[in-house]
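Novice: this is a predicted model, with the sequence first.
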Number of protein chains: 2
Amino acid sequence: MPRKRAPGFEAQREDILAAAARLFADQGFSATSMNQVAEACGVAKPTLYHYFQDKQALLAQICDSHVHALLTLVEQVKAQQLAPDAQLRALIERFTRAYADAQAQHRVLTSEIRFLAEAERERVLGVERRVVNEFAAALALVRPELRDARLHKPLTMLLFGMINWTFTWLRPDGDLSHDALAALVSDLFFGGLGAVHAPQPVPTP
Amino acid sequence: MPRKRAPGFEAQREDILAAAARLFADQGFSATSMNQVAEACGVAKPTLYHYFQDKQALLAQICDSHVHALLTLVEQVKAQQLAPDAQLRALIERFTRAYADAQAQHRVLTSEIRFLAEAERERVLGVERRVVNEFAAALALVRPELRDARLHKPLTMLLFGMINWTFTWLRPDGDLSHDALAALVSDLFFGGLGAVHAPQPVPTP
DNA sequence: CCTACCGATCGGTAGG
DNA sequence: CCTACCGATCGGTAGG
């Protein structure tokens, strides 16, 4: 019989995942102990093993759910059927905001994925690849000749670099809001696309 | 009397640092054991403690020497007294190349710095700040109104994001060389700078 | 007796 | 869901 509130298995599970994501993001997966996770959500260590098989399962769940959230976000934008420019701008804005809303999950996804076992890592990377491919396709609609020059994916990764790197320097309470940042990234990237010249249009024989 | 070769204290030290940098970059600082470091350079673990006080001293030395290499690189470009555009382009090219030449050190500097004790971390971050400030100053020479809008540092960090993020996707044996990447980053960033508009020119009262 | 290093093992703590 | 533990391995150091 619960004492204070309905236990809420799912709610407790989410609490644990959120606490783990924050700790993994701040300290790294390896340097974080299961005792720290337990303490952060006010339960004893063995309780964690009631909700998750082991430490890696926590990491896998964080990465899986966040990468699927990113994929859903891309598909939502795609479903809007915007013009190419507007679609790419929308993607940039939504991803910058997603980063702001799920900072810890995003950092775990990008930095701690190497600690997953191969099967889980490949599954997550597969979804990541779909997200990147959607971005690259949106970019190719804006500047088709960049796809012919095989530059649409490198440019997509440079864009992800700008967005993902913000965790190292952007202060949530600083002068620059995430909205202003999204506008800055959009302006910079769109302006830059116009200046990129495709040198060797590789023929496909 | 040495058996095979002159022992070379400094050479052995450099060997250890190189092996540690690679392991720390691939596995993370916490997940790398001193035994692994020792094994990677063919010595017994206690030998490591003849060259370095402890595991953290290895990390501190890697970060210190790499961040100073980056600072030296910036100062070399500055000493060339190039025109603003050429100087910023030179910085981008040199940093992209530095990343290619010292991939492991660069990844350790950007990802594992949190495992340093506060004093060492602050010392390294201080040098990093000087590097960023030099980049931001070079950028402000190209587009002075961006400094007035307080966008020169965010834009500098977006540039670092593009360069530093390459470790997640750029294959050393892939189609895109580091030279081609440097040109791509330069074109994209310079083109983008022209498109960034400084919305609120903050007056300094 | 010094240096440079090895085989063995220390006290503590990790995940489970 | 807690107390009490385990096999193993951690970073660091003893004697020789």
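Specialist: In hand now; what should we look at?
Novice: gap between the residue in chain A positioned nearest to DNA strand D and A:Arg22?
Specialist: At 2.7 Å from DNA strand D, A:Ala44 is the closest residue in chain A, using C-beta to the nearest atom of the strand. Using the backbone N, CA and C atoms, a C-beta is placed for each residue, glycine as well. Distance, A:Ala44 to A:Arg22, by C-beta to C-beta, to the nearest Å: 19 Å.
Novice: on that earlier part again, pretty sure the residue of chain A closest to DNA strand D contacts A:Met34?
Specialist: No. The criterion here is C-beta atoms under 8 Å, and A:Ala44 misses it with A:Met34 at 10.3 Å.
Novice: pull the number of nearby residues for the residue of chain A closest to DNA strand D.
Specialist: 10 (other C-beta atoms under 10 Å in any protein chain shown).
Novice: and the pLDDT at it?
Specialist: Looking at A:Ala44, its pLDDT reads 85.
Novice: A:Ile113 now?
Specialist: 94.
Novice: what sits against it?
Specialist: A:Cys63, A:Arg121, A:Val124, A:Leu125 (C-beta atoms under 8 Å, 6 or more residues apart in numbering or on different chains).
Novice: any idea which element A:Ser186 lies in?
Specialist: Using DSSP states H and E, A:Ser186 maps to helix A:178-195.
Novice: buried ones in stretch A:108-127, by neighbour count?
Specialist: Applying a neighbour-count criterion of 16 or more other C-beta atoms under 10 Å in any protein chain shown, the buried positions in stretch A:108-127 are A:Val108, A:Leu109, A:Thr110, A:Ser111, A:Glu112, A:Ile113, A:Phe115, A:Leu116, A:Glu120, A:Arg121, A:Val124, A:Val127.
Novice: now the terminal residues of it, how far apart.
Specialist: Counting by C-alpha to C-alpha, to the nearest Å, you get 15 Å between the two ends of stretch A:108-127.
Novice: stretch A:71-91 close to chain B?
Specialist: No. Taking C-beta under 8 Å from any C-beta of the partner chain as the criterion, stretch A:71-91 and chain B are apart, separated by no less than 12.4 Å.
Novice: what does that stretch rub up against?
Specialist: A:94-95, A:98, A:127, A:130-131, A:134-135, A:138-139, A:141-142, A:186, A:190.
Novice: so which of the buried residues of stretch A:108-127 belong to helices?
Specialist: Using DSSP state H, the subset of the buried residues of stretch A:108-127 located in helices is A:Val108, A:Leu109, A:Thr110, A:Ser111, A:Glu120, A:Arg121, A:Val124, A:Val127.
Novice: mind putting the residues you listed in a markdown table, distance to DNA strand C included?
Specialist: Below are those laid out as a markdown table (distance: C-beta to the nearest atom of the strand, whole Å):
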| residue | distance to DNA strand C |
| --- | --- |
| A:Val108 | 15 |
| A:Leu109 | 19 |
| A:Thr110 | 21 |
| A:Ser111 | 17 |
| A:Glu120 | 13 |
| A:Arg121 | 16 |
| A:Val124 | 19 |
| A:Val127 | 24 |
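Novice: in the residues you listed, find the pair that's most separated.
Specialist: Across those, the longest distance by C-beta to C-beta is 16.9 Å; it joins A:Ser111 and A:Val127.
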